[in-house]
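> predicted structure and sequence below. I'll ask about it afterward.
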Amino acid sequence: MITVENLRKTYGDFPAVVGSDFSVESGEVFGIVGPNGAGKTTTLKMLAGLVEPTGGSASVLGYDPEEPAMRRKLGFLPEESPLYEDMTARSYLRFFADLYDVPRDVADERTGAVLDRLDLEYRDRRLGDMSKGMKRKVAIARSLVNDPDLLIYDEPASGLDPLTTNVVLEFVRELRDEDKTVVFSAHNLFHVESICDRVVIMNRGEIIARGTVPEIRAEHGETTYRVFTTVPLAETLPADDEVDGEERHVAVVDEMAAVESLRERAEAAGGRVADIRTDEASLEDIFLRLAREAPTTSEAEGGRGEAAPGSRGGDEHEPRVVGGNSQS
Ligand SMILES: Nc1ncnc2c1ncn2[C@@H]1O[C@H](COP(=O)(O)OP(=O)(O)OP(=O)(O)O)[C@@H](O)[C@H]1O
């Protein structure tokens, strides 16, 4: 559905996207995640044909994104939706239906169903009098007016209250169930973790990790085990809770071999391992670590463009030493 090869964008001298490679399969929810300035919006705009790449290529729905035919098959939600303040939601959606040559009755039914699912009331209210969340829902309905197979959403839930965020994210999840493909950006990792099939993590214009959330966890995250024993061992500390009058001691280890060793020694000491709890790194933990390991700003300013094309996932992404000091 989307193939991106060594896609780059430089604004003047500033490399906003330094060479992305990824593909999005039909029916996926694909997340592009990263902090402010990572290059997410620039990437999405290149896919939507709104920003011309400086280099590399993108194929979207089998088209070059610049081709008008592609845009008719796409639903794009910009980060800030430019809504016409004096129009009502209804007239605004009809206006876009006309632009896409969608008959009004079809458009009314289609967008009405979307707004029902998004719980938007007051459809005859001026857009200028609507809250941010309401406007976002209208913009989402607008993105579906032409019944596209592919949706590109820039930060769909950014700045919304928790309830509205849930409604919007749940809606995105449901789009997948209807065989739509969704590519969306977020800086809130929780949003991505809960609904994406696959993600790329971007930082300072480059992709620093990619895969399903479990794959990224396996590759970049640390799993630790809290092992509860009924007898004290060299590396255990007393645990707060007793269970049925039985003492609990706890050790934190990061390998199954260490868990086994604790088990053997607890049994040798007349006790046992009573419980093992696994703590998995959240995407947030992994992201913070990867971002720390990424180039410093000084390297980024002079060196984003020198980066090898393509992803820097996996072994390629060793912490790099800058000016003799690695980031700590
Ligand atoms: N039109 C432009 N001219 C010059 N620089 C730009 C332009 N658009 C974006 N940039 C710069 O490119 C970098 C990437 O911006 P981009 O908007 O793609 O990031 P982002 O990940 O979407 O960030 P945010 O979460 O803040 O929206 C930023 O440093 C930004 O200042």
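That came through fine. Numbering: from 1, shown residues only.
> next, count neighbours for residue 192.
Close neighbours of residue 192, defined as other Cβ atoms under 10 Å, add up to 25. Just so you know, the C-beta spots here come from the backbone N, C-alpha and C atoms, and that holds for glycine as well.
> which residue sits closest to residue 150, ignoring its sequence neighbours?
residue 181 (4.9 Å; Cβ to Cβ, 6 or more residues apart in numbering).
> got a list of what the one you found touches?
1, 2, 24, 25, 26, 27, 28, 29, 30, 149, 150, 151 (Cβ atoms under 8 Å, 6 or more residues apart in numbering).
> do the helix or strand containing residue 41 and the ligand meet?
For residue 41, the host element (DSSP states H and E) is helix 40-47. Yes. Contact between helix 40-47 and the ligand, assessed by Cβ under 6 Å from any ligand atom, occurs at 40, 41, 42.
> now the last one: closest residue in space that isn't a chain neighbour?
Using Cβ to Cβ, 6+ apart and skipping the chain neighbours, the partner closest in space to residue 42 is residue 16 (4.5 Å).
> what does residue 97 give?
Of all residues not flanking residue 97 in the chain, residue 107 sits nearest, at 3.2 Å (Cβ to Cβ, 6+ apart).
> so that neighbour sits against residue 95, correct?
No. Counting by Cβ atoms under 8 Å, residue 107 stays clear of residue 95, with 9.8 Å between them.
> which one of these two is surrounded by more residues?
Each of residue 107 and residue 95 has its neighbours counted (other Cβ under 10 Å); residue 107 has more, 23 against 14.
> ok, now which ones touch the more buried one?
Taking Cβ under 8 Å, 6+ apart, one finds 93, 94, 96, 97, 145 in contact with residue 107.
> likewise for residue 197?
Applying Cβ under 8 Å, 6+ apart, the residues contacting residue 197 are 28, 29, 30, 176, 212.
> what do you get if the cut-off is 10 Å, keeping everything else the same?
Residue 197 is in contact with 24, 25, 27, 28, 29, 30, 31, 176, 181, 182, 212, 213, counting by Cβ atoms under 10 Å, 6 or more residues apart in numbering.
> which ChimeraX command selects the buried ones in these?
In ChimeraX syntax, the buried subset of those is picked out as below (16 or more other Cβ atoms under 10 Å):
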select :24,27,28,29,30,31,176,181,182,213
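> need the contacts of residue 197 in TSV with pLDDT, distance to residue 255 and secondary structure, can you?
Output for the contacts of residue 197, formatted as TSV (pLDDT from 0 to 100; distance: Cβ to Cβ, whole Å; DSSP: H, G, I helix; E, B strand; the rest coil):
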residue	pLDDT	distance to residue 255	secondary structure
24	96	36	strand
25	94	35	coil
27	92	37	coil
28	93	34	coil
29	95	34	strand
30	96	33	strand
31	95	30	strand
176	89	36	helix
181	95	39	strand
182	96	38	strand
212	90	23	coil
213	84	22	helix
